[in-house]
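*Asks:* can't give you the sequence, but here's the structure:
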């Protein structure tokens with residue numbers, strides 16, 4: 001049964017009980033042409049007709065025209081409600097009917113009649129009936145209606161102008177003076193406005209005299225006409241912001257949004273526009289204040305700290321208003337600020353703590369997650385009584401957990417996990433909270449989120465005692481865990497982490513209890529976990545485990561017996577790598593390869609080549625996971641915690657990749673580049689592709705006629721660098737031929753091998769030019785280089801059919817210079833994670849030190865962002881966070897070079913005299929690579 005047929009039978013669906021289209025059609029013709037007209041019956045028929053149209057039913061052109069002609073006869077009746085439905089129906093049928101201009105005279109008659117009900121409806125309908133050839137006849141009518149003293153009529157005319165914009169923009173432009181006059185004018189409802197409806201009766205004395213909604217409509221129309229003229233927009237904004245000409249809150253909100261658009265395009269205007277925005281922070285309307293705060297928060301990188309405090313003060317005031325929606329919007333903005341600058345909102349701690357017990361659970365959840373970020377940044381527990389503040393927050397969270405739904409509990413758990421990862425020094429009390437929560441009752445989804453959080457903290461926290469505490473709590477949890485899948489995951493995790501602890505026998509005892517007391521699925525997992533202890537620990541531990549596994553050979557379940565037998569075989573034959581592996585396949589690439597293989601039956605003639613799937617080490621895998629977890633914090637809060645409740649799980653392959661999956665998708669993208677290059681004959685002998693820049697670097701403007709971007713490919717084994725120039729021809733009537741790129745390195749050690757030119761590039765097509773270089777050895781001092789690039793081609797004209805002009809005598813050669821391309825340390829490094837940076841950094845053998853000045857930055861935050869991008873290394877221990885106002889900071893970075901060695905950088909930054917000075921200490925396992933890293937810091 002199809003969806004549509006099911007809905008027709010469903011009495012609760014929106015389409016249930018729809019009238020028959022042909023029956024309504026016939027009855028309409030009969031009643032509309034009757035004499036005299038039954039107004040009540042015609043209203044009912046028009047309502048049925050509109051219901052059919054609104055549910056997607058369409059009438060053929062002939063039937064629609066017949067209906068249109070019959071409906072036009074209803075203009076003879078003076079019933080107000082009937083006339084309103086007539087106008088609604090005409091607007092809906094105007095798109096499918098022929099000869100719709102026959103009702104124009106009736107509509108214009110109503111417009112000229114000045115009836116308070118007829119006129120606005122007639123104006124809106126007229127804009128639907130007219131086309132670009134007939135709109136000139138009604139131009140005077142629209143102008144008069146725009147400046148009409150009745151705000152309802154004026155709004156109707158302005159909305160009609162919106163409808164006319166796509167087809168008659170030149171005519172609408174002539175309404176500019178009238179529209180500007182409307183914005184500045186004061187219009188009020190006629191004295192009888194509310195007496196038109198029986199709902200109000202005679203009690204109309206306290207009703208508003210105007211709504212000023214016409215200002216909102218007029219401002220929107222003016223923006224549509226001037227959106228491409230920045231100077232005209234600036235003049236409009238300045239004139240409207242002076243005095244109090246805008247009375248409508250929606251129009252002021254719209255004005256703020258227009259200011260935001262201008263600043264996004266040209267941030268240099270912040271000095272002129274900030275006073276206007278800051279003035280709206282003290283508006284009498286909550287909506288206006290919130291919109292001004294929202295805009296200024298998005299532009300916080302352009303304003304000073306003292307200016308920013310005005311935003312925080314306004315939000316602090318809005319947190320105490322009685323309206324729930326206002327409090328929610330305010331705390332959502334505060335939560336957004338806390339992602340980057342939690343220290344700036346320390347002044348609202350008292351208000352945030354009071355909102356933890358708010359009746360709206362969305363607000364209370366956002367209050368908790370915001371306070372957690374403030375605590376992580378050290379703005380609570382660094383002050384006096386800070387420890388008590390943390391304890392108080394934990395106590396309030398504990399009491400709140402009994403009152404909120406599990407969806408909100410999961411949001412809080414994720415916030416705690418990400419906070420502990422980003423600021424490892426704050427983990428102790430947070431871990432205790434999670435382990436206590438694990439003991440409480442809850443569903444599988446809630447328990448899974450807690451266990452996942454503990455898994456991540458075990459993997460990434462540097463404190464061994466904290467890891468041991470969490471593992472012990474997991475052991476206690478599986479003693480009475482009712483969820484088989486969770487028990488299996490925990491046993492697998494104990495097998496991975498337990499052998500590396502100081503007391504592995506403690507975990508072995510708990511795992512063996514599962515062999516005695518649990519079902520066959522859990523017993524099978526326990527067997528593998530014990531085998532991992534035997535493989536890693538060896539000695540007496542392995543001997544004892546062999547005895548335990550021997551008992552499993554008599555188990556009643558064949559899966560348990562088989563796993564025990566094969567584990568004993570591997571242990572006795574000392575094949576440790578078959579039980580515990582230090583590497584794994586990249587699952588993203590594996591999935592992509594398998595999908596490609598299965599989608600084409602011709603691939604089945606050959607076996608699937610697993611060698612094409614890259615193998616990544618556990619360190620690289622941990623780097624991917626750590627990057628995903630750290631970035632998830634910002635990803636969640638950009639969409640708000642409540643949005644996370646509504647849409648928690650998204651497919652990793654659906655839509656655009658999240659920032660947290662970037663490293664994993666980088667591997668997949670590099671594999672695609674590898675396949676692409678392997679299809680080029682000249683690169684076959686280069687061997688395996690070592691590293692590529694994932695995102696192309698644009699060497700020209702994206703909108704230029706010939707847009708050029710480049711991707712760098714490194715083949716370290718054969719010592720080659722391949723530059724892939726992606727060239728996009730946006731010229732509509734020009735074909736480019738014999739395209740090549742001349743790349744000139746400023747480092748003489750780079751020797752050009754060859755250029756693979758592009759024979760032809762049609763309009764709106766993209767092609768590739770390859771340039772290959774032999775790179776120097778790592779022993780050479782100068783491995784970095786800058787390439788000057790010049791694109792050369794021959795242009796030929798083509799006609800509309802894409803054929804080359806026969807009169808063209810071979811075209812004309814041309815060339816132009818594009819931006820330079822730099823080869824820096826980031827091209828030789830991939831980010832790497834390690835939970836104990838200090839210990840690893842001390843072990844690296846080769847050391848280089850230098851003091852440099854970071855150019856083109858004026859604060860520590862921008863300097864850290866620039867260093868992360870130029871070195872492509874992973875910041876550890878939360879060192880990429882810097883509080884505003886700090887004069888000094890230490891940044892810890894770790895990566896892995898293309899030669900397989902680890903490289904770490906400890907950078908001490910100081911802000912002095914408007915400059916950022918850095919003392920860079922680099923240690924590496926690859927000799928001479930430290931100098932390359934330091935040379936990339938500038």
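*Replies:* Arrived safely. Computed from a predicted model, the values in this text were never measured in an experiment.
*Asks:* buried set for the host helix or strand of residue 350?
*Replies:* Using DSSP states H and E, the element containing residue 350 is helix 349-355. Buried residues in helix 349-355, counted by 16 or more other CB atoms under 10 Å: 349, 351-353, 355. For every residue, glycine as well, the C-beta is placed using N, CA and C.
*Asks:* Determine the number of other residues adjacent to the residue nearest to residue 858 when sequence neighbours are not counted.
*Replies:* Nearest non-adjacent residue to residue 858, counting by CB to CB, 6 or more residues apart in numbering: residue 914, 6.4 Å away. As a burial measure, residue 914 scores 7 neighbours (other CB atoms under 10 Å).
*Asks:* separation between residue 914 and residue 274?
*Replies:* Distance, residue 914 to residue 274, by CB to CB, to the nearest Å: 21 Å.
*Asks:* where does this protein dip in pLDDT?
*Replies:* 1-16, 191-207, 243-244, 376-390, 630-665, 780-781, 800-802, 805-810, 884-885 (pLDDT under 70).
*Asks:* which ones are touching residue 532?
*Replies:* Contacts for residue 532 (CB atoms under 8 Å, 6 or more residues apart in numbering) come out as 495-496, 498-499, 579-580.
*Asks:* so what secondary structure elements neighbour the host helix or strand of residue 456?
*Replies:* Using DSSP H and E, residue 456 sits within helix 444-460. Judged by 3 or more CB pairs under 8 Å, 6 or more residues apart in numbering; DSSP states H and E, helix 444-460 is in contact with helix 406-422, helix 427-439, helix 464-479, helix 484-497, helix 618-638.
*Asks:* And for that helix, what's in contact with it?
*Replies:* For helix 444-460, using CB under 8 Å, 6+ apart, the contacting residues are 406, 409-410, 413-414, 416-417, 420-421, 427, 431, 434-435, 437-438, 442, 466-467, 470-471, 473-474, 477, 483, 485-486, 489-490, 493, 497, 622, 625-626, 629, 833, 835.
*Asks:* could you pull out the helices for the stretch 651-800 of the chain?
*Replies:* Taking DSSP state H, counting those that start in this stretch, the helices of the stretch 651-800 of the chain run over residues 662-678.
*Asks:* As a check, name the ranges of all strands in it.
*Replies:* With DSSP state E, counting those that start in this stretch as the criterion, the stretch 651-800 of the chain has strands at 691-692, 697-698, 706-715, 720-729, 734-745, 751-756, 758-761, 766-774, 785-797.
*Asks:* returning to what we had before: filter the contacts of helix 444-460 down to the buried ones.
*Replies:* For the contacts of helix 444-460, buried by 16+ other CB under 10 Å: 406, 409-410, 413-414, 416-417, 420-421, 427, 431, 434-435, 437-438, 442, 466-467, 470-471, 473-474, 477, 486, 489-490, 493, 497, 622, 625-626, 629, 833, 835.
*Asks:* so who does the nearest residue to residue 474 once chain neighbours are set aside touch?
*Replies:* Take residue 474 and drop its neighbours on the chain: the residue closest to it by CB to CB, 6+ apart is residue 490, 5.1 Å away. Neighbouring residues of residue 490 by CB under 8 Å, 6+ apart: 451, 474, 477-478, 481.
*Asks:* what about 10 Å?
*Replies:* With contact set as CB atoms under 10 Å, 6 or more residues apart in numbering, residue 490 has these partners: 451, 454-455, 471, 474-475, 477-478, 481, 483, 510-511, 514, 522, 525, 529.
*Asks:* Among the contacts of residue 532, which one has the most neighbours?
*Replies:* Neighbour tally across those (other CB under 10 Å): the maximum, 27 neighbours, falls on residue 498.
*Asks:* That one contacts residue 504, correct?
*Replies:* Yes - with contact defined as CB atoms under 10 Å, residue 498 and residue 504 form a contacting pair (5.6 Å).
*Asks:* got any residues that touch both of these two?
*Replies:* The contact lists of residue 498 and residue 504 share 533, 536-537, where a contact means CB under 10 Å, 6+ apart.
*Asks:* Closest one of these to residue 560?
*Replies:* Nearest to residue 560 out of these is residue 533 (CB to CB; 17.0 Å).
*Asks:* For residue 512, pull up the helix or strand it's in.
*Replies:* Assigned by DSSP H and E, residue 512 belongs to helix 504-517.
*Asks:* Might you report the residue contacts of residue 286?
*Replies:* By CB under 10 Å, 6+ apart, the residues touching residue 286 are 249, 317-318, 321, 323, 325-327, 329-330.
*Asks:* any chance of the residues you listed in JSON lines, with secondary structure, distance to residue 25 and neighbour count too?
*Replies:* Below are the contacts of residue 286 laid out as JSON lines (DSSP: H, G, I helix; E, B strand; the rest coil; distance: CB to CB, whole Å; neighbours: other CB atoms under 10 Å):
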{"residue": "249", "secondary structure": "helix", "distance to residue 25": "45", "neighbour count": "19"}
{"residue": "317", "secondary structure": "helix", "distance to residue 25": "59", "neighbour count": "16"}
{"residue": "318", "secondary structure": "helix", "distance to residue 25": "55", "neighbour count": "21"}
{"residue": "321", "secondary structure": "coil", "distance to residue 25": "54", "neighbour count": "12"}
{"residue": "323", "secondary structure": "coil", "distance to residue 25": "49", "neighbour count": "10"}
{"residue": "325", "secondary structure": "helix", "distance to residue 25": "45", "neighbour count": "12"}
{"residue": "326", "secondary structure": "helix", "distance to residue 25": "50", "neighbour count": "17"}
{"residue": "327", "secondary structure": "helix", "distance to residue 25": "52", "neighbour count": "23"}
{"residue": "329", "secondary structure": "helix", "distance to residue 25": "48", "neighbour count": "21"}
{"residue": "330", "secondary structure": "helix", "distance to residue 25": "54", "neighbour count": "27"}
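*Asks:* Next, work out how far apart residue 416 and residue 803 are.
*Replies:* 66 Å.
*Asks:* Ok, residue 268 next?
*Replies:* Distance of residue 268 to residue 803, given as CB to CB: 47 Å.
*Asks:* and what of residue 814?
*Replies:* Applying CB to CB, the value for residue 814 to residue 803 is 21 Å.
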